[in-house]
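>>> Sequence plus predicted model, see below.
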Amino acid sequence: MTHETARRTIPNLRWWIGGLLFASTVINYIDRQTLSVLAPHLKTEFSWNNSDWAMIVISFRVAYALMQTVAGRLLDSFGTRRGLLLTVSWYSVAAAITTMAVGLKSFICFRFLLGTGEAANWPGATKTVSEWFPKSERGWAVALFDSGSAVGGAVAPFLVYWIYRAFGNWRPVFVLTSLLGFLWVLAWKAFYHSPEKHPNLGPAERAMLLEAREEERQWESHAIGFDDGALGAQPASWRQLLRLRETWGIVLGKALTDPVWFFIADWFAIYLISKGFTLENTVLGFLVPFLAADLGNFFGGGLSSYLIQRGWPVLKARKLVILICGLGMTLLIPAVGVSSFFAIVSLFAIATFSYSAWSTMALALPADLYPSQSVATVSGMSGTGAGVGTIISTFLIGRISDRYSFEPILIGASLVPLVATALVFLLIRKKKAIANQYG
């Protein structure tokens, strides 16, 4: 970075930081969706059934679940700059070496390695949002980075299929898509610094961010009962956090809703083939649910931020979106009885739209409810809960779809989010309640 660049002020720098988080999430999803898009070809080449495919998916989910909590704690301890540099580098290497896979066991191994690195993205992004955005903008900021999952999922079929057709082989796909992660690492290392130290942050924006952070810190110090030194020293322990009903509301909410998204992300191509469609002829339809999810992120973030700016309490605004979208996910049930490609894609799109808006609220809640020093830890714990729920659901999907059909899976994927929504309303209360338990 030159001396001239170091002095240049970038207006609204926080949104450029948000853009880097968005790009990280896009790349994260391209790397994980590469295998899902290639699944029909790989299943044929290696003679896998759905249970075999489920084991590959589960290997990723096990690593992802275990490392979410670990990654959250590491990010709270060491900071987002170093943490994301390490983890994005790790999963980019893991994606690249997948080209060496020769069968079921090696694919399981490489997907496990990918999951260990990719687990840090959401705790890291959530923590960065808590540091760079005031509460009135966090819904939008979370929507921005989380929408990268939908964009990555939408881009992956075209990118992967184009590379596959160009080379006539699946192996180069993993190497070429992994290069995006290495490019992101270079950009993050060159550009990212904390608000206190960033050389391109203007004085007015810096003052606004630090003032908002100081107001939150003073509230937390007073309400939680820590003095200033104790509050800034270290994250709360896992035991302290697990004593809170709010923590369980966030963890269980994610555990019961994330399986809906990962069912669609991991199995949609296979589901379409089970209905008699071909991926080559339906690639545009494959795109639609992911685009709908992208819109859902901004609907959830935008509506809640609008209501907060209109004077609504933060949790009331978040919960309204959660209620609406918990109901929206039930529209996977009608997909059981339709055979029209347009109808199937439309119903899946409504479900992913609803899931993404719901998820945006769940991702914003740790920053709404906890001190910044514990945000990534709580986010990581919710990611572990989501991982456990997804592992169980993936195992069941493989068994049920092989033995019966996808119909019971669609019904379950519609009803379980209603339970998650009810738990959020029962367990997550006003922030003042945390003050009476925390510590």
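Yes, it's here.
>>> where in the stretch 1-150 of the chain is pLDDT low?
1-7 (pLDDT under 70).
>>> ranges for the helices of it?
For the stretch 1-150 of the chain, helices defined by DSSP state H, counting those that start in this stretch occupy the ranges 3-7, 13-46, 50-78, 80-97, 104-118, 121-132, 135-167.
>>> which strands and helices sit next to the host helix or strand of Pro366?
Applying DSSP states H and E as the criterion places Pro366 in helix 341-369. Applying 3 or more CB pairs under 8 Å, 6 or more residues apart in numbering; DSSP states H and E, one finds that helix 341-369 contacts helix 121-132, helix 135-167, helix 245-274, helix 283-309, helix 314-328, helix 375-403, helix 407-427, helix 431-435. C-betas here are computed from N, CA, C, even on glycine.
>>> for the stretch 201-350 of the chain, what are the low-confidence residue spans?
214-235, 279-284.
>>> Could you report the separation of the residue nearest to Ala101 when sequence neighbours are not counted from Thr377?
Spatial nearest neighbour of Ala101, chain neighbours left out: Phe107 (4.7 Å); criterion: CB to CB, 6 or more residues apart in numbering. When distance is defined by CB to CB, to the nearest Å, Phe107 is 32 Å away from Thr377.
>>> Those two: which has the busier surroundings?
Thr377 (28 against 22; other CB atoms under 10 Å).
>>> correct me, but that one touches Leu242?
No. The criterion here is CB atoms under 8 Å, and Thr377 misses it with Leu242 at 10.7 Å.
>>> re earlier: most tightly surrounded among the helices and strands packed on helix 341-369?
helix 121-132 (a mean of 28; mean count of other CB atoms under 10 Å).
>>> Tell me who's in contact with Phe182.
89, 92 (CB atoms under 8 Å, 6 or more residues apart in numbering).
>>> same thing but at 10 Å, please
By CB atoms under 10 Å, 6 or more residues apart in numbering, the contact set of Phe182 is 27, 88-89, 92-93, 96.
>>> Is it possible to mark the buried ones in those?
Buried subset of these (neighbour count, 16 or more other CB atoms under 10 Å): 27, 88-89, 92, 96.
>>> Tabulate the helices of the stretch 1-150 of the chain in a markdown table, adding columns for distance to Ser405.
As requested, the helices of the stretch 1-150 of the chain are exported to a markdown table (distance: least, CB to CB, whole Å):
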| stretch | distance to Ser405 |
| --- | --- |
| helix 3-7 | 58 |
| helix 13-46 | 17 |
| helix 50-78 | 11 |
| helix 80-97 | 33 |
| helix 104-118 | 24 |
| helix 121-132 | 32 |
| helix 135-167 | 24 |
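>>> Tell me which of these sits nearest to Gly387.
When those are compared by CB to CB, helix 50-78 sits nearest Gly387, at 2.3 Å.
>>> Give me the buried stretch members for that closest one, please.
50, 52-69, 71-76.
>>> picking that back up, which among the helices of the stretch 1-150 of the chain is found nearest to Ile264?
helix 135-167 (8.7 Å).
>>> so what secondary structure elements neighbour the closest one?
Packing partners of helix 135-167 (3 or more CB pairs under 10 Å, 6 or more residues apart in numbering; DSSP states H and E): helix 13-46, helix 121-132, helix 171-191, helix 203-224, helix 245-274, helix 283-309, helix 314-328, helix 341-369.
>>> want to try CSV for these, with distance to Ile409 as columns?
Formatted as CSV, those follow (distance: least, CB to CB, whole Å):
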stretch, distance to Ile409
helix 13-46, 16
helix 121-132, 25
helix 171-191, 28
helix 203-224, 42
helix 245-274, 7
helix 283-309, 15
helix 314-328, 18
helix 341-369, 12
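>>> Nearest to Val160, out of the ones you listed?
Counting by CB to CB, Val160 lies closest to helix 13-46 out of those; the figure is 4.3 Å.
>>> What are the buried residues along the closest one?
13-15, 17-18, 20-40, 42-43.
>>> got the angle between that helix and helix 171-191?
Orientation note: helix 13-46 sits at an angle of 160 degrees relative to helix 171-191 (axes from the mean of the first three to the mean of the last three CA atoms, to 10 degrees).
>>> any idea how far Ser274 lies from Phe262?
Taken as CB to CB, the span from Ser274 to Phe262 is 17 Å.
>>> swap in Leu21?
Relative to Phe262, and taking CB to CB, Leu21 is found at 21 Å.
>>> Please give me every residue in contact with the closest residue to Ala96 other than its chain neighbours.
The shortest distance from Ala96 to any non-neighbouring residue, by CB to CB, 6+ apart, is to Ser178 (3.9 Å). Residues near Ser178 by CB under 10 Å, 6+ apart: 27, 30-31, 34, 91-99, 114.
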